[in-house]
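In: got a sequence here, can you model it:
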Amino acid sequence: MRGTPSAVLAGHIDTWAVDIADALGYVGTAPIESIAESVAMSNAGEVVLAAAAAWISDSDVVVRCLAWEVYRFVVLNRADLLPNLLDAAPTGLGDSDPDVRRRTVSALGNQWNPATIEITLPMLVDPDAEVRVQAVGALTGALQESPSDAPAIDALIACLDDLEPTVRDWTAFTLGVQLDVDRPDLRDKLVELLGEDEARSDAAAEAAMGLARRQDARAIPAILRHIADPEASPVWREAAEELGIALPD
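Out: Numbering: from 1, shown residues only. As a prediction, this is how the structure comes out:
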């Protein structure tokens, strides 16, 4: 099924969503997430998803973004439609626009399905830092049912060396707190992160928390240096509690 977003949506979702989309011309602040959610809640999700397969190649970047939000919400909890997403994903992951790539990764991550791991891994080295952060988050969900997936864990550990602090922060949180994985090389890399400007580094604090959860005493010196600092991340105090370290008044 082909057609412009407005034409396809007009017959299938609430009028308010179509009116807003038309008024904004699908540019700037078009509420594409709200539109996609409306599609998912309607009884025509599969119909619109079929149209979205054409939108992912549209010349308008916002239409392409809308397409991936449709995939993100419609495929959620519909395992039978996951192959549609996996077949289409290479187009979005290879898009020249970083927002399209980010939304494609988000669509994959929203499924919390290990089948998305392999196709998501290359995005951990995307040129855009926001895409890399999204890829870390996407893998967090996908790895919940296969936390020992060695290639994925290897790739995430490598992200702890990313030049972008936000990527290091989210990766340390993912590996240290969200995933049930424990490896000597992971612990050693978390210890290395403690050497950052600790009190001001979210990655260092998350590394300390990850070590504390594993009862690794190597985190203690850094924790003791920062639990009394009112400007330090509160994660330092949480790490102290995890290790049974008394907090200062």
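
In: tell me if I'm right that Pro248 and Ala228 touch.
Out: Yes - between Pro248 and Ala228 there is a contact at 4.6 Å, judged by CB atoms under 8 Å. Yep, even glycine has a C-beta here, placed from its N, CA and C like the rest.

In: any weak-confidence spans in the protein?
Out: 1-45, 77, 197-200 (pLDDT under 70).

In: let me see the domain layout of it.
Out: 1-112, 147-249 (automatic domain parsing).

In: go through these and name the closest to Val125.
Out: domain 147-249 (8.5 Å; CB to CB).

In: so how far is that closest one off the chain centroid?
Out: Relative to the mean C-alpha coordinate of its chain, domain 147-249 is positioned 19 Å out (CA atoms, centre = their mean, to the nearest Å).

In: pull out the buried positions in stretch 109-128.
Out: Neighbour-count burial for stretch 109-128 flags 109-114, 116-117, 119-121, 123-124, 126 (criterion: 16 or more other CB atoms under 10 Å).

In: do the same with stretch 65-77
Out: Cys65, Leu66, Ala67, Trp68, Glu69, Val70, Tyr71, Arg72, Phe73, Val74, Val75, Leu76.

In: also stretch 54-62?
Out: Trp55, Ile56, Asp58, Val62.

In: hang on, isn't Leu186 packed against Leu179?
Out: No - with contact defined as CB under 8 Å, Leu186 does not count as touching Leu179 (9.5 Å).

In: so what sits against both of those two?
Out: Residues touching both Leu186 and Leu179 (CB atoms under 8 Å, 6 or more residues apart in numbering) are Ile153.

In: I figured Phe173 hits Glu206, correct?
Out: Yes - with contact defined as CB under 8 Å, Phe173 reaches Glu206; the gap is 4.5 Å.

In: how about Ala67, nearest residue that isn't a chain neighbour?
Out: Trp55 (3.7 Å; CB to CB, 6 or more residues apart in numbering).

In: ok so, going back, so which of the domains of the chain is nearest Gln134?
Out: domain 1-112 (4.5 Å).

In: quick revisit: can I get the buried residues of stretch 65-77 in CSV including secondary structure?
Out: Shown next, in CSV, are the buried residues of stretch 65-77 (DSSP: H, G, I helix; E, B strand; the rest coil):
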residue, secondary structure
Cys65, helix
Leu66, helix
Ala67, helix
Trp68, helix
Glu69, helix
Val70, helix
Tyr71, helix
Arg72, helix
Phe73, helix
Val74, helix
Val75, helix
Leu76, coil
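
In: about what we covered before: of Phe173 and Glu206, which one has the most company?
Out: Glu206 (25 against 22; other CB atoms under 10 Å).

In: relative to Pro165, how far out is the more buried one?
Out: 11 Å (CB to CB, to the nearest Å).

In: try Ile227
Out: 22 Å.

In: more crowded one of the two?
Out: Per other CB under 10 Å, whichever of Ile227 and Pro165 has more neighbours is Ile227, with 20 against 16.
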